[in-house]
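Novice: below: sequence and its predicted model.
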Amino acid sequence: MKLNDLVPNEGAKKNRKRVGRGIAAGQGKTCGRGTKGFGARAGSGGSLYRQGGNLPFFRRLPFIRGEGFTPPNQLEYNEINVEQLNRFNADTDVTPEIMLKARLINVKSNPVAILGRGELTVALKVSAHRVTEGAKQKIEAAGGTVEIIS
């Protein structure tokens with residue numbers, strides 16, 4: 001087989017329709033656009049904002065600020081990775097208040113979640129609202145304990 005033997009599949013290539021080339025071509029004079037009107041003009045189709053007197057689509061939707069929609073009652077966590085807990089001394093009681101003083105968390109009212117990235121080298125007593133399975137294993141492997149705050 002050579003490159004000049006390659007041909008596209010049957011029906012894969014289609015010639016474009018040449019409009020406006022006389023009545024014998026079948027698409028002469030108005031070129032299949034009808035006579036007059038919006039669709040006959042160049043650049044017709046317009047945007048979603050032009051709907052012939054109807055209230056435009058974008059104005060029919062409720063007004064929401066920002067990118068997309070954020071649920072108003074969404075629970076946001078202060079996320080802390082296991083590797084960040086290495087700054088505490090061994091056998092320290094690590095609570096959300098201690099983390100706030102150490103500037104590990106920003107928003108005091110949000111619950112604390114411990115995530116499992118990194119390694120822990122000191123034994124700590126960690127208290128948090130949520131702890132991932134991987135983080136729990138790493139804390140207990142270092143000789144520490146985990147307490148879930150309700």
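Specialist: Received it, and whenever you're ready, just let me know what you need.

Novice: which one in this structure is furthest away from the centre?
Specialist: residue 24 (53.9 Å; CA atoms, centre = their mean).

Novice: the residue nearest to residue 78 when sequence neighbours are not counted: what secondary structure?
Specialist: Spatial nearest neighbour of residue 78, chain neighbours left out: residue 105 (3.9 Å); criterion: CB to CB, 6 or more residues apart in numbering. Where you see a C-beta, it was placed from the backbone N, CA and C, and this is true even at glycine. Under DSSP: H, G, I helix; E, B strand; the rest coil, residue 105 falls in the coil class.

Novice: can you pull the phi and psi angles for residue 105?
Specialist: For residue 105, the backbone dihedrals are phi -120, psi 150 (criterion: degrees, to the nearest 10).

Novice: lowest average confidence, helix or strand, in the protein?
Specialist: When each helix and strand of the chain is scored by mean pLDDT, DSSP states H and E, helix 57-60 comes last, with a mean of 84.

Novice: and the helix or strand following that one, what's buried?
Specialist: Following helix 57-60 in sequence order, the next helix or strand is strand 78-81 (DSSP states H and E). Going by neighbour count (16 or more other CB atoms under 10 Å), the buried part of strand 78-81 is 78, 79, 80, 81.

Novice: ranges for the helices of this structure?
Specialist: 57-60, 96-101, 133-141 (DSSP state H).

Novice: what is the mean pLDDT for the longest one?
Specialist: I take that to be helix 133-141. Mean pLDDT, computed over helix 133-141, is 94.

Novice: which strands and helices lie in contact with it?
Specialist: With contacts defined as 3 or more CB pairs under 8 Å, 6 or more residues apart in numbering; DSSP states H and E, helix 133-141 has these neighbours: strand 112-115, strand 145-148.

Novice: quick check: buried residues in it?
Specialist: Buried, per 16+ other CB under 10 Å, within helix 133-141: 135, 136, 138, 139.
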